[in-house]
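>>> Predicted model follows, preceded by the sequence.
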Amino acid sequence: MAKTKQNITSNQLDIFQRLADETAIEAANATDLDIGPELQGALNTGIREAKKRGLSRERIVERMNLCLPDLEKPLTLRQLNAWTANSKEFSEFPARWLPAFCWACGCTLTIQVLAQATDHDLVDMREKIALELGQTLVQKAGLERKTRQLTQQLTGNDHV
């Protein structure tokens, strides 16, 4: 059985070198996405803002549990305190409960932290409605222009 010799030309890149180059480029472009301190700050700010509206930590936990009826065990004040304490190294707030926290506190700072970490912004309902209104007005203007053009074609009048 004859052995065939493979010739690698200078135009062919070594696959391992190409992978190493791609990994180096990814590493150079990677952003630090550890948002632990920002998220904890947003949690504590949300709690402070809720307190100004008369919501205690206990009431926040009660409201969160209203939004999470399928939990095996309800959330506790002790858990909330652990998630928001600087000294609790391994107690991090579970992301799956952030919407319930936001609703319970009436504050979206925690979700804003998540969005901003990936270069996104949140739009509240008023901004969403304003955007939809603007899009509708643009469509209306386009339809009015189209109506004028069709009317001109039907009547043969260029001044309609």
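Received it, and whenever you're ready, just let me know what you need.
>>> next helix or strand past the lowest-mean-pLDDT helix or strand in the chain?
Ranked by mean pLDDT, DSSP states H and E, the weakest helix or strand in the chain is helix 15-29, scoring a mean of 72. Where DSSP states H and E defines the elements, the next helix or strand beyond helix 15-29 is helix 36-52.
>>> Could you list the buried residues of the least confident helix or strand of the chain?
Using 16 or more other Cβ atoms under 10 Å as the test for burial, helix 15-29 gives no buried residues. For every residue, glycine as well, the C-beta is placed using N, CA and C.
>>> export that helix as CSV, just CAs?
Coordinates of each C-alpha in helix 15-29 appear next as CSV, following Å, rounded to 0.1, in the frame of the first residue of the first chain:
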residue,chain,number,x,y,z
ILE,A,15,-6.2,25.1,11.5
PHE,A,16,-4.8,25.3,15.0
GLN,A,17,-3.2,28.7,14.4
ARG,A,18,-6.5,30.0,12.9
LEU,A,19,-8.4,28.8,16.0
ALA,A,20,-5.8,30.4,18.3
ASP,A,21,-6.1,33.6,16.4
GLU,A,22,-9.9,33.6,16.6
THR,A,23,-9.8,32.9,20.3
ALA,A,24,-7.3,35.8,20.8
ILE,A,25,-9.6,38.1,18.9
GLU,A,26,-12.6,37.1,21.0
ALA,A,27,-10.7,37.5,24.2
ALA,A,28,-9.6,41.0,23.2
ASN,A,29,-13.2,42.0,22.4
